[in-house]
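Visitor: Show me the folded form of this:
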Amino acid sequence: MARILDVIEYPNPSPNEIVHRVPESGPGDFRIGSQLIVREGQVAVFFRDGKALDAFGPGRHTITTANIPLLTGLVSAVFSGDTPFTAEVYFVSTRDFIDQRWGTPEPITLRDEVLRMVRIRAHGTYNMQVADPQLFVAQVMGTRGYMSTQDVSNYLRSIIITRITDLLGQNMRTVLDLPAMYDEIAAATRVRVRDDFASMGLLLKQLYIMSVSPTEETSAAIDEAASMGAIGNMDSYLKFKAARAVGDSAAAGGGAGEGTQLGMGLGTGLAMAKILSEGLSGQQAAPAPQAAPAADTAPSAAGGAAGAAASDPVVVLTKLKEMLDAGLISQAEYDSKKAEILSRL
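Guide: Prediction:
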């Protein structure tokens, strides 16, 4: 038989301890008349067979069938009311647990109106309190002898991340706007998470977002967009890539001859950009002009031939290959544009 406890208390909880069970393992035997001492910031909950008998706030309490009516059926009159009864007492801390940290273990992938697709990380803190000790013990504690904030942090963090991911997926226009929206995002996340916490007997008192930051790949895309000022514009994009390739070549060093070569490369790159932007846009040849004097026929024919060459898929593919060989576009960009052109044949 477990030893009989005449004084029931838990005087020295650790700072991160949420619940402590007395006794920590096995059943506890208590007498009618035993003294229960509950300190400030604690609630003591009596449990038997998985059912809460009663809860006590701060103060000294004498255990009787009057203050725990459910004990009446447990105590036998044969022993004049002194019969030990088996139960467990859970001392639950009701203080605020502040500066609890949350963060995304892996980047979140989201759609973006400017960058099309982004991957971001987010982290912050939250404050919580046990609002319903009986519910928390029944739903979360189980039969364990001890529970700290560390024991529940992973589960609570997963709830927060799930809700904030849903929120950003539904409302975010572009990652570029997020730094100005931390307070609004945090407030909306609190509303969504509050019911999840309440179902476990917890109260989410505050939630803060410290940072929502792009991954290195997304940061590179943002830098590139800022450099050329028009993400998604093929003409600007190709000009930017051509200028950057020439700049990289110049950084590698060279003399006067190389300077001439770089100038030619820049001119070629810009010309390629113009041809590609016209050829890949799917533009059709301009409508034939009205009848003109015979003297104008030759120039018009020459202009038509130049336009046809610019939209000729063979010409465009040839120029693409030249740009690839010159390092003005990447293999992935070449393959993408090649597939786009061939799909139109």
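Visitor: how many neighbours does the closest residue to Gly59 other than its chain neighbours have?
Guide: With sequence-adjacent residues excluded and distances taken as C-beta to C-beta, 6 or more residues apart in numbering, Gly59 is closest to Val38, at 6.0 Å. For the C-beta atoms, the positions are set from N, CA and C on the backbone; glycine is no exception. Per other C-beta atoms under 10 Å, the neighbour tally for Val38 reads 21.
Visitor: Kindly report the same for Ser25.
Guide: 11.
Visitor: part of a helix, is it?
Guide: No. According to DSSP: H, G, I helix; E, B strand; the rest coil, Ser25 belongs to no helix; its state is coil.
Visitor: Which residue is the nearest non-sequential neighbour of it?
Guide: Per C-beta to C-beta, 6+ apart, closest to Ser25 is Gly145, 5.5 Å.
Visitor: Could I get the phi/psi values of the one you found?
Guide: The phi/psi pair for Gly145 (degrees, to the nearest 10) reads phi -90, psi -10.
Visitor: Met210 now?
Guide: Dihedral angles (degrees, to the nearest 10) for Met210: phi -90, psi -30.
Visitor: what ranges do the strands span in the stretch 101-250 of the chain?
Guide: 108-112, 116-130, 146-148, 202-214 (DSSP state E, counting those that start in this stretch).
Visitor: Pull up the gap between the residue nearest to Ser25 and Thr104, please.
Guide: 32 Å (C-beta to C-beta, to the nearest Å).
Visitor: ok, now Ala44?
Guide: Ala44 is 38 Å from Thr104, by C-beta to C-beta.
Visitor: more crowded one of these two?
Guide: A direct count of neighbours by other C-beta under 10 Å for Ala44 and Thr104 places Ala44 higher, at 24 against 17.
Visitor: hang on, the more buried one is in a strand, isn't it?
Guide: Yes. Judged by three-state DSSP, Ala44 forms part of a strand.
Visitor: hang on, it packs against Val38?
Guide: Yes. Using C-beta atoms under 8 Å, Ala44 is in contact with Val38, at 4.8 Å.
Visitor: shared neighbours, the two?
Guide: Contact criterion C-beta atoms under 8 Å, 6 or more residues apart in numbering; residues shared by Ala44 and Val38: 56, 91.
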